[in-house]
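Asker: Next one to model:
(one chain, ligands or ions: 2)
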Amino acid sequence: MAAPHFDLRSRFASGEPFLFSWMSVPSPALAAQVARLPLDGVCLDMQHGMIGFPDAVGMIAAINAAGRPALVRTLWNDAATPGQCFDAGASCVIAPMVNTRAQAEALVRAAKYPPMGSRSWGGYTALQASGLAPADYLREANRMTMVFAMIETVEALENVEAIAATPGLDGLFVGPSDLSITLSKGAAIDKTGKDTLSAMTKVAAAAGKNGLVAGAFGGSADVIKTYLGLGYTFIAAAVDVDLMQAGAAELRKALAT
Ligand code: 3PY
Ligand code: MG
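Answerer: Ligands and ions are numbered 1, 2, ... in the order given. A predicted model of the protein is given here:
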């Protein structure tokens, strides 16, 4: 039987929030456990986590085997990594620091097969997991894989309408820490500050106008609820190491009473 095919696009079309875990630790064994948490998917952080591509390969396989879609936040907006991650079985790629329309177009070129982009052929794992014949995979791949541009600087905010209108782009993903740092000229990280939320309202509107999914990094219940209230439906809910720390703190608290 073919491995599960994660139809994220239809899932997003339902409008139901998609809340996912975020991993920084390079471990397929841990990825298999995290994939079984009561969340909708697992994102591997290759930018600030300790996860390199050889680690990601085993982690993506473990996540998919556990019945969840694998997402990857890449190290940078480079031309090679999106295709490489999709070849390994990832369903979604999120590229950091996409600040201009030209950078968004480069991201789509890296992530999509022609005519939308120039992804190179060779999806060994993805092809086998899809259970499709090569010609069918080629036809379906641009629909089956999704690509998000991170909006996390003042420059990106100024260009957000043009970025959102990039043909082939599937979603915008706000990095609220970097966004608030650049909005405050380095003075603060404020994920729910007035300026951050007003910027995020503008990003959500640009996404909505162009039929894109609006996503953001949440990280805690209060932040997630705030972003849901702004219309965001694709939210990183919790980081692996934070979940462990919170579990231990909860245990300590329970033992103290
Ligand atoms: C940010 O908030 O800047 C992010 O990139 C989320 O990890
Ligand atoms: Mg960031």
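
Asker: low-scoring stretches of the chain, by residue?
Answerer: 1-5 (pLDDT under 70).

Asker: mind listing the strands in the stretch 151-257 of the chain by residue range?
Answerer: With strands called from DSSP state E, counting those that start in this stretch, the stretch 151-257 of the chain shows them at 171-174, 213-217, 234-239.

Asker: Minimum distance to Gly247: which of these has it?
Answerer: Gly247 lies closest to strand 234-239 among those, at 10.8 Å (Cβ to Cβ). Bear in mind the C-beta positions are built from the backbone N, C-alpha and C, glycine included.

Asker: Residues touching that closest one, excluding its own?
Answerer: 12, 17-24, 39, 43, 148, 171, 173, 213-220, 224, 227-228 (Cβ atoms under 8 Å, 6 or more residues apart in numbering).

Asker: What residue in the stretch 101-250 of the chain comes nearest to ligand 1?
Answerer: Closest approach between the stretch 101-250 of the chain and ligand 1, counting by Cβ to the nearest ligand atom: Gly175, at 2.7 Å.

Asker: mind listing what that residue touches?
Answerer: Pro96, Met150, Ile151, Glu152, Ala216, Phe217.

Asker: circling back to that earlier point, just checking: which of the contacts of strand 234-239 also lie near ligand 1?
Answerer: Restricting the contacts of strand 234-239 to those within reach of ligand 1 (Cβ under 6 Å from any ligand atom) leaves Phe217.

Asker: Now which of the contacts of strand 234-239 would you call buried?
Answerer: Among these, those buried by neighbour count (16 or more other Cβ atoms under 10 Å) are 12, 18-24, 39, 43, 148, 171, 173, 213-219, 224, 227.
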